[in-house]
Each structure stands twice: as C-alpha cells, then as structure tokens.
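**Q** I would like to see how this sequence folds:
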Amino acid sequence: MQGRSFAPLLLAALCGLTIAPLSLAQTSARCRFSSFSAPSGYYLAGISGITSSGVIVGQLESKSFKDVAFVRYPDGSFTIYKAPNSYSTWFSKRSDRDVNVGAYQDNGYDGHVHGFTLHGSRFEAMNYPRAAATWLSGINKRGSIVGYYYLSDSTGRGFQFDNGRFTTFQYPGAVATTANAISDNGVIVGAYASGDVFYGFILQNKTYRRVIHPQGVLGTTLTDVNSSGVVVGEYDDADDYLHGFVYKNGKFQNLIYPGSRNTFAGGINDYGVIAGQVFFEDGSSKGYTAHCK
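**A** Predicted structure coming up:
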C-alpha cells in the first residue's frame, strides 16, 4: 500500500470483537477541496500528514522511479529531502513542533529500511533492536513516536518510543500490527491483518477497538487521528479500489473529490483539515486539502 503505506501487512485472524454494522447507511462528507500538483519532474507517490499550520508531508516519485520525501508549505512551496545514503526516502508525519518522522531504504545490497527523525537539519536514524526493518509513522507535539518493525521471520509489531525507550504492542492474535499515527492525547490508530484482509484499530488507554468500514470488503486501515478523536482512513472495496473516509463518533463519511476515481486520506490536523491524494480516470493525480462538515 505504499504510496498508501510503508510496508505490506502480514496476516492474522481474530474473531468476536465489535465490528461496525455492515448495514450502516453511507453518507459523503461535505467538503471544500483545494488541490495542488507535484513540483516539476516528480509524481505524487503519497501524502501522509498535515500539521495544524497546514504544512503537508509525503513522498514524491522521481523520473528514475525513486521516492524522495517532501514538505509542502501553505504558500505552495516544496522542500524535497533525501536521507543520507538512501535509495528511497519517505515522510510519514510532521509534528506541530516541526519534527518529521519517516523511513528510508538504504543503498545496501539487501536494501534495509530504517526509521528516522528530521528536525531542521538534524537527522537521526532509529532502528528497533535486532529488527530487519523499522518504520516511524507518527509523532505528536510531546515527541511521542509510533512506528512498526519486522523481524527476519516476518513477524511485525507496533511500537511507541518515549524518553529513549521502546514499548511494543500487538493487536491480540495478530501476526503483524502497524501503527500509523498518534494524537496529542496519546490515541494510536493503525491496522492489522487477517488472511488477505486488513482491519483498522484504535488503541486508547491500552484498550483496542476494531474499526471496519461497511464497504471495506477487502480491508480498512486508519491513517491519522487528531486531538478531537476524528479519524481518517481508507477502505478497499469489493473491486479492490481504495477510498478515503472520515470516522467520527462511531460513524463513517466517505471522502469524494468531485470527478475523481479515487480519493485517499493521509492526514488530519487539529482543525479538522484533511490532506490526501486524488486520482482521475486518465491516471493523473493531485494532492488536496479538504475542510469538511
């Protein structure tokens, strides 16, 4: 799912938890969209987060098919970033204190993936101990970081990093769990997998809640959450198309950019502004911000 996510989800089964009713009627969020294009020479590979000041982060694909990270400022200007000695670089989120988190694939023969933080020009790699691959996927204003890692046997778990210490977590019964964001209130959202289907989850006060979009026949993932508890995510429908949604107070609203084929949601800030990517029938793509009711 990258551009939609950093790594393939591995699979596990769990039954008997609360699921959003499949009969729930679907509504579309009423949104005011503004769109933007990738800078010259690049293609939008994914939009992952937005700060309260409207700064957007994500990744671009170059003409040589390598990914570079980007920061887009409210005035429309871009800064492009490539991690040291990297083949590809991705930004996942940016805190309101201007700390970026993400991952990069190194230039080595095996192309290992490493997490990193970037604050101004200060770059710090972060690897979960003895992991084959590490991704940093979320950060809040207090500096709490979430991410996920994979071991050599493909076992994957989420983690939270605070005060120099890792705390791991795993959705009950899952082989792989991916944490995608953490709010300033400490609420974590992400996804885990079962068979060929992935499910969203909310982790709050050490309690999991499974979230499944009623049209997400092939899967649901949660991509971000703000301090008001409003969640954005994406679902995979019966035709294997991904679509974005807003999840608030236990209800889903689909995100539909006018005239589009697919509308993805990568991030939401504390003002409720959503950032994502839209695709059209001709294969073209744009980034967007949306103010939704």
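
**Q** For the protein, which residue occupies the most central location?
**A** residue 223 (4.0 Å; Cα atoms, centre = their mean).

**Q** Find the helix or strand that that residue is a member of.
**A** Using DSSP states H and E, residue 223 sits in strand 219-225.

**Q** now the residue nearest to the centre of the chain: how far from residue 253?
**A** 15 Å (Cβ to Cβ, to the nearest Å). No exception for glycine: its C-beta is placed from N, CA and C like everyone else's.

**Q** follow-up on the earlier one: for the strand holding residue 223, which outside residues touch it?
**A** Applying Cβ atoms under 8 Å, 6 or more residues apart in numbering, the set of residues contacting strand 219-225 from outside is 1, 4-5, 48-49, 93, 138, 178, 180-183, 187-191, 193, 197-202, 211-213, 231-236, 247, 265-268.

**Q** And the pLDDT at the residue nearest to the centre of the chain?
**A** According to the prediction, residue 223 has pLDDT 98.

**Q** State the distance from it to residue 242.
**A** 11 Å.

**Q** What of residue 95?
**A** For residue 95 relative to residue 242 (Cβ to Cβ), the value is 26 Å.

**Q** Could you check which of those two is surrounded by more residues?
**A** With neighbours defined as other Cβ atoms under 10 Å, residue 95 and residue 242 compare such that residue 95 has more, 23 against 19.

**Q** I figured residue 160 was touching residue 143, is that so?
**A** No: between residue 160 and residue 143 there is no contact, the gap being 11.3 Å when judged by Cβ atoms under 8 Å.

**Q** Who has more neighbours out of those two?
**A** Of the pair residue 160 and residue 143, residue 160 is the one with more neighbours under other Cβ under 10 Å, namely 19 against 14.

**Q** With only the CA atoms kept, save the helix or strand in which that one is found in CSV.
**A** In the assignment (DSSP H and E), residue 160 maps to strand 156-162. Extracted C-alpha coordinates of strand 156-162, given in CSV (Å, rounded to 0.1, in the frame of the first residue of the first chain):
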residue,chain,number,x,y,z
GLY,A,156,5.7,-7.5,12.7
ARG,A,157,4.7,-5.4,15.7
GLY,A,158,3.9,-1.8,16.5
PHE,A,159,5.8,0.3,19.0
GLN,A,160,5.8,3.6,20.9
PHE,A,161,9.0,5.4,21.6
ASP,A,162,9.2,7.8,24.6
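
**Q** Buried residues, it. List them.
**A** For strand 156-162, a neighbour-count test (16 or more other Cβ atoms under 10 Å) marks 156, 157, 158, 159, 160, 161 as buried.

**Q** In terms of secondary structure, what does that strand contact?
**A** strand 145-150, strand 165-169, strand 177-182, strand 188-194 (3 or more Cβ pairs under 8 Å, 6 or more residues apart in numbering; DSSP states H and E).

**Q** nearest to residue 76, of the ones you listed?
**A** strand 177-182 (24.8 Å; Cβ to Cβ).

**Q** Would you mind listing the residues touching both of residue 223 and residue 242?
**A** With Cβ under 8 Å, 6+ apart as the test, residue 223 and residue 242 both reach residue 234.

**Q** The helix or strand that contains residue 92: what's the following helix or strand?
**A** Residue 92 is part of strand 86-94, with elements assigned from DSSP H and E. Next helix or strand after strand 86-94 toward the C-terminus (DSSP H and E): strand 99-106.

**Q** average pLDDT across whichever helix or strand comes after that following strand?
**A** Next along the chain after strand 99-106, taking DSSP H and E as the criterion, comes strand 113-119. Mean pLDDT, computed over strand 113-119, is 98.

**Q** Quick one: work out the angle between strand 113-119 and strand 145-150.
**A** 170 degrees (axes from the mean of the first three to the mean of the last three Cα atoms, to 10 degrees).

**Q** got the angle between strand 113-119 and strand 86-94?
**A** Computed by the same axes, to 10 degrees, the angle separating strand 113-119 from strand 86-94 equals 60 degrees.
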